[in-house]
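Chemist: turn this into a structure:
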Amino acid sequence: MLLSGRTHLIERWLIAATVLPLLSLLWRHYRLSNQLEQGEKSLGASVSELALAEELAGVGRWCIDLKTEEHRWSEEMRNIVGVASGVQPTDELLVELMPEGLSQLEVTLASHIKDTEAFRIEFEFENPRLGSRVLQACARNVFAQSGAREQVFMVVRDVTETYLQFAKAEQEKNTAMLEAEEAKRMANTDPLTGLANRRAAMAALDRAIVAARTEGEPLGLLVLDIDYFKAINDTHGHAVGDEVIVQVGRIASRCLRPGQLAARVGGEEFLVILPGVTPAATAGAAERLRLAIEAGTASAPIPQVTASIGHAMLEPYDTSLLLFARADDALYEAKREGRNRVARAA
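Modeler: Below is the predicted model:
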């Protein structure tokens, strides 16, 4: 009996020694399983939140494993490039979607092979639904302990619309600048002859006077008027009169040398600014212009005209208005002396 009791005790002890560790192991397994399940739920929720965040932000993930040459895309990345959910970025698909952009991407990644900081790259993509697109990526290298680059991780977004908006803004800016330049040109141009108008001519004369006095150079001015112009309008009409004015403007322009300016300052009145020209050269320029108008209109399909020209040199007391007035007085002196001649200002 005593032996039998001891045997039962030993059996119970053996059972306890076996079962208790097993129960403890089962409990630990249960806790670990529960923790793993909770972790998987938490991870799944985090992945879902990440996918939602990518969708809302319009960015996708692109990972390149350099060892296996495998590409991995997130769902939003697939949406950005225009392929169906779950489609894998195979080499064939990448070549199809990136006929030009793939080489751009490879060259750019190669140039950043040692970068330890994030870097930005751009490349072209052919979206099956939207056509050619420009993608921008913020990329970062992942290195092994040996220092070799193992992966490239990229966060990608489509910046095509941004580029189009920028291009549109640039085009609008350029258009506005061209329109402003054209408006400025029109404000300073005589619409009939294309020469400078009175406003532009007087501003140019102001500048020429300042330059002449600063550099100690002479400055000559011609003022000319078409003789008997009213009779041309009365006889042939204003359209023919306009043709005469245009032809005289062309002749005056052809007589110019570099740095000189011809302008129409009134109905049939013109002026010519001659920087750095001596009094003798100014008188010679006036006479050549008179002869050119007489000969040039004789050979043109318009009534032949002549011109009276007054010329003046810049004096120390002159302003632009006073210099112009002196040349204009000389012009009317030429008219009083019989027209088709040149007169020098006093």
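Chemist: residues touching residue 305, list them.
Modeler: By Cβ atoms under 8 Å, 6 or more residues apart in numbering, the contact set of residue 305 is 226, 227, 228, 229, 232, 244, 248, 293, 294, 297. Using the backbone N, CA and C atoms, a C-beta is placed for each residue, glycine as well.
Chemist: doesn't the last one fall inside a helix?
Modeler: Going back to what we said before, that points to residue 297. Yes - applying DSSP: H, G, I helix; E, B strand; the rest coil, one finds residue 297 inside a helix.
Chemist: rewinding a little: most neighbours among the contacts of residue 305, please name it.
Modeler: residue 248 (28 neighbours; other Cβ atoms under 10 Å).
Chemist: give me the pLDDT value at that one.
Modeler: Note for residue 248: predicted pLDDT of 96.
Chemist: let's number from 160 now, not from 1
Modeler: From this message on, residue numbering opens at 160, which makes the last subject residue 407.
Chemist: could you dump the contacts of residue 464 to JSON lines with distance to residue 292 and secondary structure?
Modeler: Putting the contacts of residue 464 into JSON lines (distance: Cβ to Cβ, whole Å; DSSP: H, G, I helix; E, B strand; the rest coil) gives the following:
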{"residue": "385", "distance to residue 292": "64", "secondary structure": "strand"}
{"residue": "386", "distance to residue 292": "70", "secondary structure": "coil"}
{"residue": "387", "distance to residue 292": "71", "secondary structure": "coil"}
{"residue": "388", "distance to residue 292": "65", "secondary structure": "helix"}
{"residue": "391", "distance to residue 292": "66", "secondary structure": "helix"}
{"residue": "403", "distance to residue 292": "61", "secondary structure": "helix"}
{"residue": "407", "distance to residue 292": "59", "secondary structure": "helix"}
{"residue": "452", "distance to residue 292": "64", "secondary structure": "helix"}
{"residue": "453", "distance to residue 292": "68", "secondary structure": "helix"}
{"residue": "456", "distance to residue 292": "63", "secondary structure": "helix"}
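Chemist: and the gap between residue 253 and residue 311?
Modeler: Distance, residue 253 to residue 311, using Cβ to Cβ, to the nearest Å: 14 Å.
Chemist: could you chop the chain up by domain?
Modeler: Residue ranges for each domain of the chain read 160-216, 217-323, 347-503, as given by automatic domain parsing.
Chemist: thinking again about what came up before, from the contacts of residue 464, which is closest to residue 267?
Modeler: residue 407 (63.3 Å; Cβ to Cβ).
Chemist: pretty sure that closest one sits against residue 385.
Modeler: Yes - look at residue 407 against residue 385 with Cβ atoms under 8 Å: they come within range, at 6.0 Å.
Chemist: who touches both of those two?
Modeler: The contact sets of residue 407 and residue 385 overlap at 427, 452, 464, 466 (Cβ under 8 Å, 6+ apart).
Chemist: need the max-distance pair from the residues you listed.
Modeler: 427 and 452 (11.4 Å).
Chemist: need the overlap of contacts for the two.
Modeler: 385, 407.
Chemist: how far away is residue 428 from residue 386?
Modeler: 12 Å.
Chemist: wait, residue 444 touches residue 383, no?
Modeler: No - counting by Cβ under 8 Å, residue 444 stays clear of residue 383, with 11.0 Å between them.
Chemist: continuing past the longest strand anywhere in the chain, what's the next helix or strand?
Modeler: In the chain, taking DSSP state E as the definition, the longest strand is strand 290-302. Downstream of strand 290-302, the first helix or strand assigned by DSSP states H and E is strand 308-317.
Chemist: so that next one versus strand 290-302, what angle?
Modeler: 150 degrees (axes from the mean of the first three to the mean of the last three Cα atoms, to 10 degrees).
Chemist: what's the average pLDDT for strand 308-317?
Modeler: 91.
Chemist: how distant is it from the center of its chain?
Modeler: With Cα atoms, centre = their mean, to the nearest Å as the basis, strand 308-317 stands 30 Å off its chain's centre.
Chemist: what lies in contact with that strand?
Modeler: In contact with strand 308-317 (Cβ under 8 Å, 6+ apart) are residues 216-226, 236, 239, 268, 272-273, 280, 292-303.
Chemist: selecting buried members of those residues in PyMOL, what would you type?
Modeler: For the buried members of these, the matching PyMOL selection, counting by 16 or more other Cβ atoms under 10 Å, is:
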select buried, resi 218+219+220+221+222+223+225+236+239+268+280+292+293+294+295+296+298+299+300
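Chemist: can you pull out the strands in this structure?
Modeler: Secondary structure of the chain (DSSP E): strands at 218-224, 229-232, 278-286, 290-302, 308-317, 378-385, 420-423, 428-434, 466-472, 501-503.
Chemist: could you dump the ones you listed to CSV with distance to residue 244?
Modeler: Converted to CSV, the strands of the chain look like this (distance: least, Cβ to Cβ, whole Å):
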stretch, distance to residue 244
strand 218-224, 12
strand 229-232, 10
strand 278-286, 15
strand 290-302, 19
strand 308-317, 17
strand 378-385, 80
strand 420-423, 71
strand 428-434, 75
strand 466-472, 84
strand 501-503, 89
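Chemist: closest one to residue 335 among these?
Modeler: That would be strand 290-302 among these, by Cβ to Cβ, at 25.5 Å.
Chemist: strand partners of the closest one, parallel vs antiparallel please.
Modeler: strand 278-286 (antiparallel), strand 308-317 (antiparallel) (DSSP bridges).
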